[in-house]
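Asks: turn this into a structure:
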Amino acid sequence: MLYTAPQQDKEGSETLEGSHFAKDSNLSSHPHEFPEGGLAAWMTTFGAFLIQLCGFGYTTSFGVYQDFYTQHYLTNETSSAISWIGSLNTFLVTAVGLISGSLYDRGYFYHLVIAGSLLQSFSLFMLSLSKPDQYYQIFLAQGVGLGIASGLVYVPSIAVVSHYFRRRRTLAMTFVASGSSLGAVIHPIMLNNLLNGRLGFGNGVRASAGFVSVLLLIACLCMRTRLDPPMTPANYIVAAKKCIRDVPFIFAIAGGFFFQTGFYYPLFFIQLDSIKHGLSVTFSFYSLVILNVSNCVARVTSGFIAAFTGVPNLIIVATISGGVLILGMIGLNSLASVVVLGVMYGYFAGLYIAMVAPLVATLTPDLSELGARMGICFFISGFGSLIGTPISGALLTSNYTWWIPAVFSGVASVTGGMMYMIMRFIFVRRQINQGKA
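Replies: The predicted model follows:
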């Protein structure tokens with residue numbers, strides 16, 4: 001049986017030429033041949049989907065907590081102080097990937113997934129025990145605990161999909177990524193009704209924690225690794241040195257940092273922006289749901305689009321378009337403008353999130369370093385999400401001068417798109433030169 005190594009075309013998509021895949025029963029004897037499907041492959045993909053739904057999907061639902069804490073539970077704290085809970089949570093989801101990626105490469109997949117799931121469940125139940133106006137309790141449980149827990153499982157749940165797919169890797173990874181956007185639709189609706197309903201904060205958070213715990217249990221039972229860890233695990237120092245010499249990868253990291261600096265501005269502020277422009281509170285809450293539904297559709301469809309456009313091209317379109325739409329929030333003043341901006345920005349934001357992991361995989365010549373490279377990329381890019389919304393909040397001021405943070409976030413995001421354009425240009429030139437050689 002002949003196996004030909006995958007070749008990447010100039011758009012960054014991958015093809016397999018002259019290869020014949022073994023039956024499932026022979027997979028263990030041919031570990032380098034990818035099954036491209038099968039029960040174990042799709043069960044693992046579904047488990048990773050649930051991990052994303054409970055992890056990053058819950059993190060991006062912080063807007064509900066922000067509103068509840070400000071009005072009812074942490075009334076002695078400023079909105080800026082409360083927002084740091086969500087910002088730190090978001091940052092840790094990607095930053096902890098630097099550690100979890102390295103451990104994943106060393107064969108600790110099950111340890112990471114089980115420990116992360118247990119810590120997330122524990123942190124949510126501890127959050128339900130937090131008392132009103134006790135900022136440090138909520139900060140530790142939600143900002144630190146949930147952030148670390150989600151970070152432990154984020155990179156491994158994405159990277160394990162590469163054990164089963166090569167030709168269809170982008171499609172599988174985008175399905176996994178769609179879990180977080182579906183979670184960002186389900187959790188806000190559920191939390192809003194629980195926290196503001198008869199159950200109240202304590203019982204409402206416990207109900208949410210029980211729901212998340214069941215899904216995480218199912219995910220742990222579904223996911224399985226297929227390939228043995230490398231005999232010599234990727235050394236982060238060595239991988240970092242390779243990354244420094246890998247110019248397209250450096251520009252990809254820069255693009256992620258700049259784009260994520262502006263990326264969360266609509267997610268954090270579109271609801272407040274709508275309210276301050278006279279729209280109803282009920283509709284303003286559902287503006288986030290509209291955005292996240294569009295986001296979910298984008299993540300599901302992005303794999304099919306990327307098959308035609310290539311991953312680098314699609315991420316360029318998504319980031320440039322997203323930045324332009326953030327600039328368009330300067331003109332947000334009516335129900336129609338909220339719907340149009342929410343739907344369009346949600347879609348391009350979904351395309352971007354879905355393409356990040358496939359892009360890193362495309363730029364990684366040695367898959368044994370995939371976890372390390374994902375960790376490095378997510379860690380550095382994550383600083384953009386950590387500083388972006390606090391800067392936007394400071395620029396907004398108490399006078400609600402909306403155009404200033406919109407310009408800052410939009411320009412930062414467009415700059416990220418330009419970094420990705422440079423990345424693609426250098427990457428394509430390198431591929432052409434290697435082909436000639």
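Asks: doesn't Phe348 make contact with Ser321?
Replies: Yes. Applying Cβ atoms under 8 Å, one finds Ser321 in contact with Phe348, separated by 4.5 Å. The way it works is simple: take the backbone N, C-alpha and C, and place the C-beta from them, glycine included.
Asks: in the chain, where is pLDDT below threshold?
Replies: Low-confidence segments of the chain (pLDDT under 70): 1-35, 230-235, 371, 436-437.
Asks: apply 50 and report the result again.
Replies: Low-confidence segments of the chain (pLDDT under 50): 1-30.
Asks: longest helix in it, please.
Replies: Identified as the longest helix of the chain according to DSSP state H is helix 403-436.
Asks: from the contact counts, what lies against that one?
Replies: For helix 403-436, the packing partners by 3 or more Cβ pairs under 8 Å, 6 or more residues apart in numbering; DSSP states H and E come out as helix 247-263, helix 265-276, helix 311-328, helix 370-396.
Asks: swap the cut-off to 10 Å and go again
Replies: If contacts are counted by 3 or more Cβ pairs under 10 Å, 6 or more residues apart in numbering; DSSP states H and E, helix 403-436 sits against strand 7-8, helix 247-263, helix 265-276, helix 311-328, helix 335-363, helix 370-396.
Asks: who's in contact with the residue positioned nearest the centre of the chain?
Replies: With distances taken as Cα atoms, centre = their mean, the chain has Ile353 as the residue nearest its mean C-alpha position (5.4 Å). Listed by Cβ atoms under 10 Å, 6 or more residues apart in numbering, the contact set of Ile353 reads 52, 56, 60, 174, 177-178, 180-181, 260, 263, 295, 298-299, 302, 318.
Asks: in helices only, show me those residues.
Replies: Per DSSP H, helices hold the following members of the contacts of Ile353: 52, 56, 174, 177-178, 180-181, 260, 263, 295, 298-299, 302, 318.
Asks: quick check, nearest of those to Pro132?
Replies: Phe56 (27.8 Å; Cβ to Cβ).
Asks: before we move on, the earlier item: reformat the ones in helices among the contacts of Ile353 as a markdown table; add distance to His187.
Replies: Below are these laid out as a markdown table (distance: Cβ to Cβ, whole Å):
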| residue | distance to His187 |
| --- | --- |
| Gln52 | 12 |
| Phe56 | 11 |
| Thr174 | 20 |
| Ala177 | 16 |
| Ser178 | 15 |
| Ser180 | 10 |
| Ser181 | 11 |
| Gln260 | 21 |
| Phe263 | 19 |
| Asn295 | 13 |
| Ala298 | 18 |
| Arg299 | 16 |
| Ser302 | 21 |
| Ala318 | 24 |
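Asks: and which of those is nearest to Thr401?
Replies: Ranking the ones in helices among the contacts of Ile353 by separation from Thr401, with Cβ to Cβ as the measure, puts Phe263 on top at 20.9 Å.
Asks: could you give the number of residues near the closest one?
Replies: Neighbour count for Phe263, taken as other Cβ atoms under 10 Å: 28.
Asks: who touches it in this structure?
Replies: Phe263 makes contact with 90, 256, 319, 322-323, 326, 345, 349, 352-353, 381, 384-385, 388-389, 409, 412-413, 416, according to Cβ under 10 Å, 6+ apart.
Asks: next one: Ala172
Replies: For Ala172, the contact set (Cβ under 10 Å, 6+ apart) comprises 36-37, 41-42, 44-45, 48-49, 158, 161-162, 164-166, 303, 358.
Asks: run the last query once more with 8 Å
Replies: By Cβ atoms under 8 Å, 6 or more residues apart in numbering, the contact list for Ala172 reads 41, 45, 161, 164-165, 303.
Asks: just the buried residues of the residues you listed.
Replies: Of the members of the contacts of Ala172, the ones counted as buried by neighbours, 16 or more other Cβ atoms under 10 Å, are 41, 45, 161, 164-165, 303.
Asks: in helices, which of the residues you listed appear?
Replies: The members of these that map onto helices under DSSP H are 41, 45, 303.
Asks: could those residues be laid out in JSON lines, adding distance to Ser102?
Replies: As requested, those are exported to JSON lines (distance: Cβ to Cβ, whole Å):
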{"residue": "Ala41", "distance to Ser102": "25"}
{"residue": "Thr45", "distance to Ser102": "23"}
{"residue": "Gly303", "distance to Ser102": "28"}
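Asks: before we move on, back to that, now the longest helix of the chain: how far from the chain's centre is it?
Replies: Using Cα atoms, centre = their mean, to the nearest Å, the distance from the centre of helix 403-436 to the centre of the chain it belongs to is 19 Å.
Asks: over to stretch 276-283?
Replies: The gap between the average C-alpha position of stretch 276-283 and the chain average comes to 28 Å, counting by Cα atoms, centre = their mean.
Asks: and what of stretch 429-437?
Replies: Relative to the chain's own centre, stretch 429-437 is displaced by 32 Å; criterion: Cα atoms, centre = their mean.
Asks: which parts of it are buried?
Replies: So stretch 429-437, judged by 16+ other Cβ under 10 Å, has buried residues Gln431.
Asks: do the same with stretch 38-50
Replies: Under the neighbour-count criterion of 16+ other Cβ under 10 Å, stretch 38-50 has 40-41, 44-50 buried.
Asks: show me what it is in contact with.
Replies: With contacts defined as Cβ under 8 Å, 6+ apart, stretch 38-50 is touched by 24, 35, 157-158, 160-161, 163-165, 172, 175-176, 178-179, 215-216, 218-224, 226.
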